[in-house]
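K.L.:
fold the stuff below for me.
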Amino acid sequence: MTITRDGDYFFTGSNQSGAPSPSDQSGVSSQPYSNGQGSWKCTSDRDFTATVLNFSYPTATLPGAIVRSDVNATVDPKAGILQGKATLRSFSLNANPLQDNAPVAGTETFTGPRIIP
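P.N.:
Numbering: from 1, shown residues only. Below is the predicted model:
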């Protein structure tokens, strides 16, 4: 995840190819997807919210889709830690994911350190 000073939000996932992970004993592939891009804004001195879009690519059994992630996160500047939750919703390619709504397709929690050069 990268957040910029001017409000841009980018993410790259470790399993974007859709290949089964080594820990996945089922051998079932997930749907491949694109990088995510969106924007964020502060909601308090330590919290922010973001809206991010990415695309799920069609497979032999699943259609392509637009995925919207609604992110809420908290920054601990002393510890250099970011913690949050992303709520994912999947939309047809004809939908407007910024105006329409869809059932929650999943949630992900995350914790990570700030990377300082």
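K.L.:
residues touching Asp76, list them.
P.N.:
Arg46, Leu82, Gln83 (CB atoms under 8 Å, 6 or more residues apart in numbering). For every residue, glycine as well, the C-beta is placed using N, CA and C.
K.L.:
and the first one, how many residues sit next to it?
P.N.:
Pointing back at Arg46 there. 11 (other CB atoms under 10 Å).
K.L.:
so it touches Thr74, yeah?
P.N.:
Yes - using CB atoms under 8 Å, Arg46 is in contact with Thr74, at 5.5 Å.
K.L.:
about what we covered before: now intersect the contacts of Asp76 with the strands, please.
P.N.:
Taking DSSP state E as the definition of strands, those contribute Leu82, Gln83.
K.L.:
rebuild the contacts of Asp76 as JSON lines, extending it with distance to Ser34 and pLDDT.
P.N.:
Formatted as JSON lines, the contacts of Asp76 follow (distance: CB to CB, whole Å; pLDDT from 0 to 100):
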{"residue": "Arg46", "distance to Ser34": "30", "pLDDT": "96"}
{"residue": "Leu82", "distance to Ser34": "22", "pLDDT": "94"}
{"residue": "Gln83", "distance to Ser34": "25", "pLDDT": "97"}
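K.L.:
nothing else from me, thank you.
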